[in-house]
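[1] Structure of the sequence below:
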Amino acid sequence: MSSPESRNTRPRLLWTTTLMFSLTALVALIAVPWYGIAHGYSLSAWIAFGAFMVLGSMSITAGYHRLWAHRSYEAHPVIRVALALWGAMTLQNSILIWASGHRTHHRHVDDNERDPYSAGRGFWFSHIGWMLRDHPSGQADFSNAPDLLRDPIVMWQHRYYLPIALGMNLIPPVLLGLVFGNVLEMLLLAGFLRLVLAHHFTFFINSLAHVWGKRPYTEENSARDNGFLALLTFGEGYHNYHHLFQYDYRNGIRWWQFDPTKWLIATLSWLGLASNLKRASNFKIYQAVLATEFRRAREQLAKDDGSLEKWRGVLEQEYQHFLSVLEQWKAHKAHLYEQTRDKIAAHWEHAAMGTRIREFEYLLKMQRKRLALLKVQFS
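    Prediction:
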């Protein structure tokens, strides 16, 4: 889909941003391999590259994204300061600008006029093009971030972002270079190469994760789950789940899904450095998956010439059962709310209600299995 702006009204080029991306990419593509071929890199430079890559990128995923943009957990001030410092090292703008823009993206996802990096405007635009020009959809609007405007750490980093970002990109690699006697190696690997890779791995979530992968939880937007991208982005690749349950501190909810950001947050919680970790309930997750699968099954049967008519009735029966379980769940939640509000629920009644919730989850889990068997019949 073409951009809302025509060639005659194309927004002005942002020269500082464009030069930053261009020059760092040139150094990473030309100088880094040339020096490696001509002189080689020491083990200490590679270790620093890996360490800074992890610290910077996970400060974006655990800090900018899951802590500040989505408030999916709370963190100790020491952790917040560390995330603010190492996040600045990635040169992805201040927490305030990043998180506010990301909230706008979630609210208006795929809206070419209002989503700052809408995938509907093409791969290049959603990957990096949205940052190279002064697009109206990318204008800073902090009305959606009053909590961030009140956060002293966020505002400190925002006010002094440039010196903090420059300092974090120069001081650590130079100091390590002086210690190990390889300043240029440190700047090339732990500086330029690390920065360029961190940029584009993060940008893949805005571009690739909206065109490549599966949509098991919702088809209401273009976000996809992609296990390979999760490897590059410290767990951010499970993007379809994230767009539906953005308040969840997890992106990969299965034990086998690669989400080191989730593991970091959980570890901080065990150490008493993070709290109030938010999670979507299993029932809500099963509900989303089943609703999506029912929609797909109905669409598949709608294309049939009549030979699968008997399965249409079975599917409709299962769907009505699904709706019935949802109504029972809503009634149960309302009852639980009343009991909690009036403070008359005894301990045993809370336990009974917990058991009932697990029963609802089991009903949806079993229904998903029946639906899978049913789909085999008319696939």
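
[2] For the stretch 251-379 of the chain, give me the ranges with low pLDDT.
    300-379 (pLDDT under 70).

[3] Buried residues of the host helix or strand of R296, list them for me.
    Assessed by DSSP states H and E, R296 sits inside helix 282-302. For helix 282-302, a neighbour-count test (16 or more other Cβ atoms under 10 Å) marks 282-294, 297, 301 as buried. The C-beta positions use only the backbone N, C-alpha and C, and glycine is treated the same way.

[4] What segments of the stretch 1-150 of the chain are strands?
    Counting by DSSP state E, counting those that start in this stretch, the stretch 1-150 of the chain has strands at residues 74-75.

[5] Could you point out which residue ranges in it have low pLDDT?
    1-8.

[6] Swap in 80 and give it another go.
    Scanning the stretch 1-150 of the chain for pLDDT under 80 picks out 1-9.

[7] Show me how the protein divides into domains.
    The chain breaks down by automatic domain parsing into domains covering 7-275, 282-378.

[8] hey, which of the ones you listed is tucked in deepest?
    domain 7-275 (a mean of 18; mean count of other Cβ atoms under 10 Å).

[9] Tell me how far it lies from the chain's centre.
    Its chain's average C-alpha position is 10 Å from that of domain 7-275, according to Cα atoms, centre = their mean, to the nearest Å.

[10] can you offset everything so residue one is 35?
    Got it, first residue is 35 now, which makes that one domain 41-309.

[11] Can you give me every residue that contacts the residue nearest in space to the middle of the chain?
    Centrality entry for the chain: nearest residue to the mean C-alpha point is E270, 4.7 Å, by Cα atoms, centre = their mean. Going by Cβ atoms under 8 Å, 6 or more residues apart in numbering, E270 touches 95, 99, 236, 239, 243, 263-264, 276, 285, 295.

[12] again with L227
    Per Cβ under 8 Å, 6+ apart, neighbours of L227: 62, 66, 83.

[13] Give the full set of residues in contact with A116.
    Taking Cβ under 8 Å, 6+ apart as the test, what A116 contacts is S93.

[14] if we go to 6 Å?
    Going by Cβ atoms under 6 Å, 6 or more residues apart in numbering, A116 touches no other residue.

[15] coming back round to it: what sits closest to the residue nearest to the centre of the chain if chain neighbours are left out?
    I239 (5.2 Å; Cβ to Cβ, 6 or more residues apart in numbering).

[16] can you check F214 too?
    F214's closest residue in space is S78 (Cβ to Cβ, 6+ apart), at 4.4 Å.

[17] do P170 as well
    In space, P170 is closest to P45, 7.3 Å off (Cβ to Cβ, 6+ apart).

[18] Now that neighbour: phi and psi?
    phi -60, psi 160 (degrees, to the nearest 10).

[19] helices or strands up against the helix holding R330?
    When contacts are defined as 3 or more Cβ pairs under 6 Å, 6 or more residues apart in numbering; DSSP states H and E, helix 316-336 packs onto helix 343-376, helix 381-412.

[20] Now render the contacts of E270 as a markdown table, adding distance to H169 and secondary structure.
    Shown next, in a markdown table, are the contacts of E270 (distance: Cβ to Cβ, whole Å; DSSP: H, G, I helix; E, B strand; the rest coil):
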| residue | distance to H169 | secondary structure |
| --- | --- | --- |
| T95 | 25 | helix |
| H99 | 22 | helix |
| T236 | 19 | helix |
| I239 | 19 | helix |
| A243 | 20 | helix |
| L263 | 25 | helix |
| A264 | 29 | helix |
| H276 | 24 | helix |
| N285 | 27 | coil |
| T295 | 29 | helix |
